[in-house]
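Visitor: this is a predicted model, with the sequence first.
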Amino acid sequence: MGKTLAVLVLCLLSLSQAQAQEENLPFEELKSPWLAQAVLEFPFYSFYLGAPAVKGVAYLPNFAPRLGPRVIYRDVGATLTFSLPIPDNERTRRGDSKAQSLIINSYWRQFAFDLYYQRYKSFYVASPWTEVSVNKPARYAQLPDAQVLNYGLNAYLILRPERYSLKAAFDQTEIQSQSGGSWLVAPFYNHLEMFLGGKFVPGSDTSSFRVPPNLASSRFDTLGAGFGYGYTYVKRRYFLNGQVAYGPGFQSQRLQREDGDNSAVYSLAAKLNVNASTGWNYPEYVGGAKLLVDSVWARVQDTQVTSTLVSLQFFFGRRF
């Protein structure tokens with residue numbers, strides 16, 4: 001009986017110590033289960049084929065800002081944005097692209113995931129030098145029927161959850177009261193399909209691409225994991241976060257070319273994932289900005305293939 005009582009006392013002491021440690025953590029739970037935000041997004045996507053550096057070409061949809069809501073209930077949120085109108089001269093220069101985007105995410109303190117689905121139609125062709133040039137052509141070479149389907153999963157596991165909170169950094173469903181950071185592991189899966197279609201519009205510049213590329217369609221499936229670090233700086237209600245993960249992956253590649261030289265191979269790949277956020281987090285309101293850079297690259301024979309998504313968001317929301 002005495003031994004049983006002693007064990008019970010030790011258990012109660014350990015539970016009280018764990019509760020005290022939990023109470024001393026630098027995180028403030030928010031009681032409001034709902035958070036609704038207005039999101040203004042500036043997304044950029046590119047599919048790059050070529051040698052390393054700048055000796056290749058990029059296929060890009062016409063850029064258009066997007067506006068829409070993000071709704072978060074407890075730990076699960078969804079973002080749905082819609083394209084805003086763009087000037088007629090830019091539609092002529094780069095084509096009339098269509099884009100669909102849906103992101104579903106869930107953030108806990110130690111673990112988080114992003115499910116994303118994106119579909120783009122109509123691409124223009126440009127080299128990195130052309131994009132940074134002041135004198136851009138009146139019309140880029142365009143592939144009006146080209147389509148890209150890009151979907152996948154990003155997961156994040158924090159190794160020091162007592163110092164760094166994912167939900168405070170990226171969906172603001174709790175407030176981190178002290179600066180801190182942690183190493184992290186980031187498993188990922190990405191599926192990418194590209195179909196260039198049969199229509200090609202040459203560019204107006206004589207030095208631009210005059211013939212369609214030797215690629216009919218491609219399909220890439222990539223599975224891997226990255227390793228990185230995240231840190232949140234806090235000063236009163238202001239927060240500034242930066243998180244980066246990089247790591248290898250295993251990629252299945254299936255390509256169909258116009259000349260019939262098709263291939264189905266496996267290759268090593270790599271992925272870079274960068275998340276950053278900044279703003280002000282109050283119990284009733286939250287506002288700020290987020291940046292996402294997600295890039296997967298591999299080699300197909302002697303060609304470097306890179307798929308890159310960059311998204312800059314400005315948001316403002318209220319809890320209820």
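Guide: Everything's here; your move.
Visitor: who are the neighbours in contact with Glu284?
Guide: Ser32, Arg318, Arg319 (Cβ atoms under 8 Å, 6 or more residues apart in numbering). (C-beta placed from N, C-alpha, C; glycine too.)
Visitor: and if you look at Thr79?
Guide: Counting by Cβ under 8 Å, 6+ apart, Thr79 has contacts Val39, Gly68, Pro69, Arg70, Leu102, Ile103, Asn105.
Visitor: ok, the fourth one to Phe315 distance?
Guide: Meaning Arg70. According to Cβ to Cβ, to the nearest Å, Arg70 stands 7 Å off from Phe315.
Visitor: quick one: what helix or strand has Lys63 in it?
Guide: Quick fix: residue 63 reads Phe, not Lys. For Phe63, there is no host helix or strand (DSSP states H and E).
Visitor: neighbours around it, how many?
Guide: 15 (other Cβ atoms under 10 Å).
Visitor: is it true that it touches Ser46?
Guide: No - contact criterion Cβ atoms under 8 Å: Phe63 and Ser46 do not qualify, at 10.4 Å.
Visitor: ok so, going back, find residues that contact each of Arg70 and Phe315.
Guide: Counting by Cβ under 8 Å, 6+ apart, the residues touching both Arg70 and Phe315 are Gln37, Val39.
Visitor: please, where are all the strands along the stretch 101-250 of the chain?
Guide: 111-126, 141-158, 174-176, 180-195, 217-235, 238-256 (DSSP state E, counting those that start in this stretch).
Visitor: save those as TSV, and put in distance to Val76 too.
Guide: Below are the strands of the stretch 101-250 of the chain laid out as TSV (distance: least, Cβ to Cβ, whole Å):
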stretch	distance to Val76
strand 111-126	10
strand 141-158	15
strand 174-176	14
strand 180-195	19
strand 217-235	21
strand 238-256	20
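Visitor: want to try JSON lines for these, with distance to Lys167 and mean pLDDT as columns?
Guide: As requested, those are exported to JSON lines (distance: least, Cβ to Cβ, whole Å; pLDDT from 0 to 100):
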{"stretch": "strand 111-126", "distance to Lys167": "7", "mean pLDDT": "91"}
{"stretch": "strand 141-158", "distance to Lys167": "10", "mean pLDDT": "93"}
{"stretch": "strand 174-176", "distance to Lys167": "5", "mean pLDDT": "90"}
{"stretch": "strand 180-195", "distance to Lys167": "13", "mean pLDDT": "95"}
{"stretch": "strand 217-235", "distance to Lys167": "11", "mean pLDDT": "94"}
{"stretch": "strand 238-256", "distance to Lys167": "12", "mean pLDDT": "93"}
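Visitor: Lys290: which of those is closest?
Guide: strand 238-256 (9.0 Å; Cβ to Cβ).
Visitor: and that closest one, what does it pack onto?
Guide: helix 166-170, strand 180-195, strand 217-235, strand 263-281, strand 285-300 (3 or more Cβ pairs under 8 Å, 6 or more residues apart in numbering; DSSP states H and E).
Visitor: make TSV out of these and add mean neighbour count and distance to Val201.
Guide: Output for the helices and strands packed on strand 238-256, formatted as TSV (neighbours: other Cβ atoms under 10 Å; distance: least, Cβ to Cβ, whole Å):
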stretch	mean neighbour count	distance to Val201
helix 166-170	25	40
strand 180-195	19	17
strand 217-235	18	19
strand 263-281	17	28
strand 285-300	18	26
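Visitor: make CSV out of these and add distance to Phe27.
Guide: Supplementary listing: these in CSV, determined by distance: least, Cβ to Cβ, whole Å:
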stretch, distance to Phe27
helix 166-170, 6
strand 180-195, 10
strand 217-235, 11
strand 263-281, 12
strand 285-300, 15
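Visitor: where does the prediction get shaky in the protein?
Guide: Scanning the chain with the threshold set as pLDDT under 70 gives 1-23, 51-55, 128-133, 206-216, 258-260, 301-302.
Visitor: for Pro85, helix, strand, or coil?
Guide: coil (DSSP: H, G, I helix; E, B strand; the rest coil).
Visitor: would you check how far apart it and Gln142 are?
Guide: Distance from Pro85 to Gln142, by Cβ to Cβ: 19 Å.
Visitor: just Lys121 next, same as before
Guide: From Lys121 to Gln142 the distance is 12 Å (Cβ to Cβ).
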